[in-house]
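Undergrad: Quick check, what structure comes out for this input:
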Amino acid sequence: IFNQSGENEFTLYIYDVIGESLWFDSVSVSAFRDELAALPEATDTIVVRVNSEGGDVFDGVTIANLLKDHPAAVNFRIDGLAASIASVIPAIAADEVHMGAGAFQMIHEPWTLAVGDATELRKSADLLDQVSTSTIGPAYAKRLDWSVEDVRDKIKAEDGEWWVDATEAVEIGLADSTFESS
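TA: Residues are numbered from 1 along each chain as shown. The predicted structure follows:
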């Protein structure tokens, strides 16, 4: 449920795994869509508070596109962790990103669990490469003003997981500011 945080400002939360989950509390696309649709028409700012280890890439991209399509300004507040697809959503949809003291973003190439023969596993690997070069890489590249290749090279240089604290995020352009909790 959204909270009113100002006269025409409302807050939405991504505080769980993104996508349907049988094992964890989760933020589903349909629930997020319904909360977004329930915001008053006069909403001029949406604050999205994040503390999530990530989840399904396609559900995250859908949430990002829903936010981008909304006429309100969209400001992200990373309260703890924005990992995996939870860090891609603000890269795609945010007008502003603010990170709390001690907060982190974690960036990595997409991964999956796959079952099948060699042909099926190759198809899964090809899809992962396609998602990286057409979705995830461009999202970070645009936010950072880097090339997709530079983003992928940085992730590889960090042994596959690039952890960015609030200070570094501001320095490189993944965030606009840091904040201290009150």
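
Undergrad: Just give the strands next to the lengthiest strand in the chain in its sheet, each with its orientation.
TA: Taking DSSP state E as the criterion, the chain has its longest strand at strand 73-83. Strand 73-83 has these partner strands in its sheet, going by DSSP bridges: strand 45-52 (parallel), strand 96-100 (parallel), strand 104-108 (parallel).

Undergrad: ok now the first one, how far from the chain's centre?
TA: If I follow you right, that is strand 45-52. Relative to its chain's centre, strand 45-52 lies at 10 Å (CA atoms, centre = their mean, to the nearest Å).

Undergrad: Just the buried residues of it, please?
TA: Neighbour-count burial for strand 45-52, with 16 or more other CB atoms under 10 Å as criterion, is recorded at 45-52. The C-beta positions use only the backbone N, C-alpha and C, and glycine is treated the same way.

Undergrad: Now do the helices in this structure.
TA: With DSSP state H applied, the chain shows helices at 29-38, 57-69, 85-93, 118-131, 137-144, 148-157, 166-172, listed in chain order.

Undergrad: For Val57, grab the count of nearby residues.
TA: Val57: 21 surrounding residues under other CB atoms under 10 Å.

Undergrad: same thing with Ala42?
TA: 8.

Undergrad: I'd assumed Phe10 was in contact with it.
TA: No: assessed by CB atoms under 8 Å, Ala42 is found out of contact with Phe10, at 10.1 Å.

Undergrad: rewinding a little: tell me which of the helices of the chain sits most buried.
TA: helix 85-93 (a mean of 26; mean count of other CB atoms under 10 Å).
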